[in-house]
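Asker: take a look and give me a structure for this.
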Amino acid sequence: MRLLSTVPPGARLTLLLCFIVALLEGMDLQAMGIAAPAMAKAFGFQPGQMGLVFSASILGLLPGAFIGGWCADRIGRKKVLIACVLIFGVFSVATAHVWSLESLLLARLLTGIGLGGALPNLIALSAESVDERARATAVSLMYCGVPLGGALAAVVGLLDVGRWQTVFYVGGLAPLLVAPLLGRYLAETAGFLRTRGGPQASGPRGAWLGAIPLSTTLLLWLGYFFTLTVMYMLLNWLPSLLVGQGFSRGQAVGVQILFNLGGGIGSVLFGLLMDRWRPRLTVLAIYLGILLGLAGLGLAKAYPLVALAGFAAGLFVVGGQLVLYALAPQLYPAAVRATGTGAAVAVGRLGAMAGPLLAGQVLALGGGAATLVVATTPAVLVAAGAVLALLQRRTAAPAATARVEAPRHA
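Answerer: Below is the predicted model of the structure:
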């Protein structure tokens, strides 16, 4: 944490507010997974229909991430973030009042648009509030709010067994209360203000993206796509998978809580390691850990082993996603940082949609957790290869960024 010791109070407040929003985002991202068993029973939904619901939420994340990042580079991270928080708060509350599959799909789609737009702004705000050497740490401290919010959602669901609406009320009303605080206390970043007033603001922003090699962007997209495939499969289906293996709903929610606690620890741990240790060894450890965690969830029969596997899966899967979130803002100059990050997040959402759909189809065909482990192993290997290749090119990114931003100092 020594890297953050020189951060001014205003930047620390920015990180705190971003953490709070990430906490709320994490609650809503996992609310459907927590509510799914009770909701499916109440409405009579089949596994395939629930897969559609999970994917509708993620489908909204895709345009939300791209549009949110694009708008943030033009009108500011703060304004766009507040708008997104209001959107996902309103439609999370609306989810508690659905009456059919169609109304549920629409509510989750619109919620996803707000959630998707918030994330690239949270990443940009966190990264731009600190020195470049501490960016992975800053993003990790913000992003650990996402899994911790998921754990909070699981606790809410566990305390209110049978009333699936409660988790959506809590996850929707809290953002509506936080939005005015963002308007009052959140400061726009100096990085955005410089690009807005500097000479480069008048140039075509597509040219700024062109300063980054296309192959580098494609590697980033590959890592996002396949890592989110695994992550969202677990976020949405883990409780249902465990119930299908014979565990009680309380035990399944307990594993979900451990998954999220592991994710919170992994976010901070691997963010620190990326800034202060060997990034390549960190990435190798993360993706090997993902494989071991998935194997434990698919093969373990005793509850203590399943609980341990759930914690390990959260530690490494969420940690792997954190590495990607920390890398993205380091690859793009400030003028297109939110756009580039938002585009990567949007592409990753395609993988996030594929994960729940894959799990839903496997379960509908009679498969189980072990089958899903086999099906997702190639995705983990491809993601690991993409991130390792990306790390080899990261050292060139600061030079490219410096060349792009050089006219500002002319």
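
Asker: could you use CA atoms for every contact and neighbour count after this?
Answerer: Will do.

Asker: ok, L305 touching G296?
Answerer: Yes - using C-alpha atoms under 8 Å, L305 is in contact with G296, at 7.3 Å.

Asker: contact partners for V178?
Answerer: V21 (C-alpha atoms under 8 Å, 6 or more residues apart in numbering).

Asker: gap between it and D73?
Answerer: Distance, V178 to D73, by C-alpha to C-alpha, to the nearest Å: 23 Å.

Asker: ditto for G351
Answerer: Taken as C-alpha to C-alpha, the span from G351 to D73 is 25 Å.

Asker: before we move on, what about S57?
Answerer: According to C-alpha to C-alpha, S57 stands 25 Å off from D73.

Asker: all helices of the stretch 251-400 of the chain, in order?
Answerer: Remark: helices assigned in the stretch 251-400 of the chain by DSSP state H, counting those that start in this stretch are 279-299, 303-331, 337-364, 369-394, 396-405.

Asker: quick check: buried residues in the third one?
Answerer: Put plainly, it is helix 337-364. 337-360, 362-363 (16 or more other C-alpha atoms under 10 Å).

Asker: tell me the mean pLDDT over that helix?
Answerer: Averaged across helix 337-364, pLDDT comes to 78.

Asker: also the first one?
Answerer: If you average the pLDDT over helix 279-299, you get 84.

Asker: for that helix, buried residues please.
Answerer: 279-280, 282-283, 286-287, 289-298.

Asker: check the fourth one too.
Answerer: Along helix 369-394, these residues count as buried under the neighbour rule (16+ other C-alpha under 10 Å): 369, 372-373, 376, 379-381, 383-388, 390-391.

Asker: pLDDT check: weakest of these?
Answerer: Among these, A369 has the weakest pLDDT, 66.

Asker: list the contacts of stretch 371-388.
Answerer: With C-alpha under 8 Å, 6+ apart, stretch 371-388 has contacts from 219-220, 222-227, 229-230, 280, 283-284, 287, 290-291, 294-295, 298, 324, 359, 362.

Asker: shaky segments in the stretch 101-250 of the chain?
Answerer: For the stretch 101-250 of the chain, the stretches with pLDDT under 70 are 160-162, 191, 195-213, 236.

Asker: okay, helices next: where are they in it?
Answerer: Under DSSP H, counting those that start in this stretch, the stretch 101-250 of the chain gives helices at 101-128, 135-143, 145-159, 166-185, 190-197, 205-210, 214-244, 249-276.

Asker: of all those, which lies closest to G310?
Answerer: Among the helices of the stretch 101-250 of the chain, the nearest to G310 by C-alpha to C-alpha is helix 249-276 (4.9 Å).

Asker: that closest one packs against which elements?
Answerer: helix 135-143, helix 145-159, helix 214-244, helix 279-299, helix 303-331 (3 or more C-alpha pairs under 8 Å, 6 or more residues apart in numbering; DSSP states H and E).

Asker: ok, which of the ones you listed comes nearest F259?
Answerer: Short answer: helix 303-331, nearest of these by C-alpha to C-alpha, at 4.3 Å.

Asker: got the end-to-end distance for stretch 355-373?
Answerer: End-to-end distance of stretch 355-373 (C-alpha to C-alpha): 12 Å.

Asker: on that earlier part again, distance to L52 for the helices of the stretch 251-400 of the chain - can I get that in a markdown table?
Answerer: A markdown table is the format used below for the helices of the stretch 251-400 of the chain (distance: least, C-alpha to C-alpha, whole Å):
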| stretch | distance to L52 |
| --- | --- |
| helix 279-299 | 23 |
| helix 303-331 | 23 |
| helix 337-364 | 7 |
| helix 369-394 | 18 |
| helix 396-405 | 39 |
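
Asker: fine by me, we can end here.
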